[in-house]
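> Generate a structure from the sequence data that follows.
(2 chains)
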Amino acid sequence: MKRRLAVFLSILALVSTLSLRAESDKEVEAHKAVLDLAGAFSNDGFKMRDGHWSGTIKPNEHALIAVNLYAGNQYWFSVGATAPAKKVEVVVYDETGKLMTTESYNEGERAAAGFSPTSSGQYYISIGLLEGGESAFCLIYSYK
Amino acid sequence: MNRCGRFVAGGCVLAACLSIGAESPRLPAEQLAKAVRNDSISIPTPGELFAALAKPGKPNWSGQFRGPLPTTYKNRAQIALNLGGLIADGFIAVEAQDSQQVKNIGTDIIRMAKALGVSENILSRGNSINEFAENNEWDALQEELEATQNEVKTSMQTHRDQDLVILVSLGGWIRGTQVVSAAVMQNYNERAARVLRQPALVNFIRSKIDDVSPGMRDDPLVKEVSQQLTNIEKLVSFPPGQAPTVDDVRKVNAAVGQVMEEIQHKPEAK
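Just a heads-up that it's a prediction; the model follows:
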């Protein structure tokens, strides 16, 4: 029930924010795909952020975004991509650019990284397109 | 090369590979500098901050409530800053699981949002906040508060009030930091104190304020808050892995408290 509510609220927010930036249909599709994945973490008590980041990614390229995290919290960063993406990955770097150890979930064009920082501050989330052609992607994150 | 030489050379190559493999891959600084930073992902919600604070032990959330804010602000920058602070108050009331307080704050949020001329859609958010509060649906309330904040920001952007967006985020961060630093001071422990380390976040907010239109930048309140952020950025720049001391926390609390005073300062009656 909680998961359904979270997904419903997020879709509502998605619809209401469409006017903010003209997102492509593919980006909207990627957003829907990632909401379903992130919704699964809500069952474990993770709260889904309402904000998201979407764009396009080319093969063997990485899209990078800065986030600010708090020590003590647990996070899941989820990404969804559309066809022709076949395999995507999410990795986390600290403020010095060092690769962090994460729990990972991969399911073809959807992936997630679970991370619990021991130090508060800035981190970087990198999204990579490992297999497939240029695609739209969407990143959202959850915390508890 | 004889057999023994080939073996040694091969061993050296293998050792070199292993030592490279042992080193975690790093992203170069120039790549980090190019990373996207945006309001909706790079700035955490007050709810995230409060969730981290509550891990070592539940703080006295209701002890952090403050009195109602004036509804007579005329300055749009001041309204936006206070709106952000009010949304943080909403998250505090949710943590305290005080449904009446949530409803009161929800009403004030809508009133202040309307004063900025944001979309009428915000009214339905007010109804949802009331409904979730009456049913004690705390998780849904957290999401609704963030969605309300985002809707306000979206409306500002579509009404070409982009400059106000960062002020809403800033107001929320300052109020959240004031509450967290006060709670840590009351019951100090290193684990809780670590949440106050956020130099990059303050730097990002400051850079966004530098980017607002000259008219907004010259607003006396915005100017004052922006100047004080430079000092606050230094105060929250603890080395990674090192917990701030009680005295460090006290300094942060005093600095954000001073900014909060200016933000919520009552307009002079005419």
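
> check whether stretch B:109-122 contacts chain A.
Yes: on the criterion C-beta under 8 Å from any C-beta of the partner chain, stretch B:109-122 is in touch with chain A at B:Asn121. For the C-beta atoms, the positions are set from N, CA and C on the backbone; glycine is no exception.

> How about stretch B:35-45?
Yes: using C-beta under 8 Å from any C-beta, stretch B:35-45 reaches chain A at B:35-45.

> send the alpha carbons of that stretch over as CSV?
Backbone C-alpha positions of stretch B:35-45 (Å, rounded to 0.1, in the frame of the first residue of the first chain) are rendered in CSV as follows:
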residue,chain,number,x,y,z
ALA,B,35,29.4,17.2,-12.6
VAL,B,36,25.8,18.4,-12.8
ARG,B,37,24.5,20.1,-9.7
ASN,B,38,20.8,20.9,-9.5
ASP,B,39,18.3,22.0,-7.0
SER,B,40,16.1,18.9,-7.0
ILE,B,41,18.8,16.3,-6.5
SER,B,42,22.0,18.0,-5.2
ILE,B,43,20.2,19.8,-2.3
PRO,B,44,18.9,17.3,0.4
THR,B,45,15.5,17.8,2.0
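
> so what's whatever residue of chain B ends up closest to chain A scoring on pLDDT?
In chain B, the residue that lies nearest chain A is B:Ser40 (2.9 Å; C-beta to the nearest C-beta). On the pLDDT scale, B:Ser40 is placed at 88.

> just to revisit the earlier point, and of the residues of stretch B:35-45 next to chain A, the nearest to A:Leu69?
B:Pro44 (7.3 Å; C-beta to C-beta).

> Now do the same contact list for that closest one.
A:67-70, B:201 (C-beta atoms under 8 Å, 6 or more residues apart in numbering or on different chains).

> Pull up the per-residue confidence for A:Thr118.
You'll see A:Thr118 listed with a pLDDT of 94.

> Would you pull up the residue in chain A closest to chain B?
Counting by C-beta to the nearest C-beta, chain A gets nearest to chain B through A:Gly51 (2.9 Å).

> got the residues of the stretch 51-200 of chain B near chain A?
By C-beta under 8 Å from any C-beta, the residues of the stretch 51-200 of chain B that approach chain A are B:51-53, B:55-56, B:121, B:139-140, B:142-144, B:146-147, B:149-151, B:154, B:157-158, B:191-192, B:194-200.

> chain center to stretch B:185-205, what's the gap?
11 Å (C-alpha atoms, centre = their mean, to the nearest Å).

> Wasn't B:Glu146 part of a helix?
Yes: judged by DSSP: H, G, I helix; E, B strand; the rest coil, B:Glu146 forms part of a helix.

> Report pLDDT for it.
Reading off the model, B:Glu146 has pLDDT 89.

> where does the spatially closest residue to it that is not a sequence neighbour land in three-state SS?
Counting by C-beta to C-beta, 6 or more residues apart in numbering or on different chains, B:Glu146 lies nearest to A:Asp50, which is 4.4 Å off, once chain neighbours are set aside. In three-state terms, and counting by three-state DSSP, A:Asp50 is coil.

> Was I right to think A:Asp50 contacts B:Thr148?
No: A:Asp50 lies out of contact with B:Thr148 (C-beta atoms under 8 Å); the separation is 9.2 Å.

> hmm, back to that, among the residues of stretch B:35-45 next to chain A, which ones are buried?
Neighbour counting by 16 or more other C-beta atoms under 10 Å in any protein chain shown classes B:35, B:37, B:39-45 among the residues of stretch B:35-45 next to chain A as buried.

> Of these, which is the nearest to A:Gly45?
Nearest to A:Gly45 among these is B:Thr45, at 16.2 Å by C-beta to C-beta.

> what packs against the top helix by length along chain A?
The residue-count maximum for a helix in chain A (DSSP state H) belongs to helix A:25-42. On a contact count with 3 or more C-beta pairs under 8 Å, 6 or more residues apart in numbering or on different chains; DSSP states H and E, helix A:25-42 meets helix A:2-16, strand A:47-48, strand A:53-57, strand A:75-81, strand A:110-115, strand A:135-143.

> let's see 10 Å
Contact analysis of helix A:25-42 by 3 or more C-beta pairs under 10 Å, 6 or more residues apart in numbering or on different chains; DSSP states H and E lists helix A:2-16, strand A:47-48, strand A:53-57, strand A:75-81, strand A:85-93, strand A:103-107, strand A:110-115, strand A:135-143 as its packing neighbours.

> quick revisit: switch the residues of stretch B:35-45 next to chain A over to CSV; also include secondary structure.
CSV is the format used below for those (three-state DSSP):
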residue, secondary structure
B:Ala35, coil
B:Val36, strand
B:Arg37, coil
B:Asn38, coil
B:Asp39, helix
B:Ser40, helix
B:Ile41, helix
B:Ser42, helix
B:Ile43, coil
B:Pro44, coil
B:Thr45, coil
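
> Alpha carbons only: can I get whatever helix or strand B:Val256 lives in in PDB?
Here B:Val256 sits within helix B:246-263, counting by DSSP states H and E. Written as PDB, here are the backbone C-alpha positions of helix B:246-263 (Å, rounded to 0.1, in the frame of the first residue of the first chain):
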ATOM      1  CA  VAL B 246      30.400  20.800  21.200                       C
ATOM      2  CA  ASP B 247      32.100  24.200  20.700                       C
ATOM      3  CA  ASP B 248      32.100  23.800  16.900                       C
ATOM      4  CA  VAL B 249      28.400  22.900  17.000                       C
ATOM      5  CA  ARG B 250      27.700  25.900  19.200                       C
ATOM      6  CA  LYS B 251      29.300  28.200  16.700                       C
ATOM      7  CA  VAL B 252      27.300  26.700  13.800                       C
ATOM      8  CA  ASN B 253      24.100  27.100  15.800                       C
ATOM      9  CA  ALA B 254      24.900  30.800  16.700                       C
ATOM     10  CA  ALA B 255      25.700  31.600  13.100                       C
ATOM     11  CA  VAL B 256      22.600  30.000  11.600                       C
ATOM     12  CA  GLY B 257      20.500  31.400  14.400                       C
ATOM     13  CA  GLN B 258      21.600  34.900  13.600                       C
ATOM     14  CA  VAL B 259      20.600  34.400   9.900                       C
ATOM     15  CA  MET B 260      17.300  32.900  11.000                       C
ATOM     16  CA  GLU B 261      16.600  36.000  13.100                       C
ATOM     17  CA  GLU B 262      17.100  38.300  10.100                       C
ATOM     18  CA  ILE B 263      15.000  36.100   7.900                       C
END
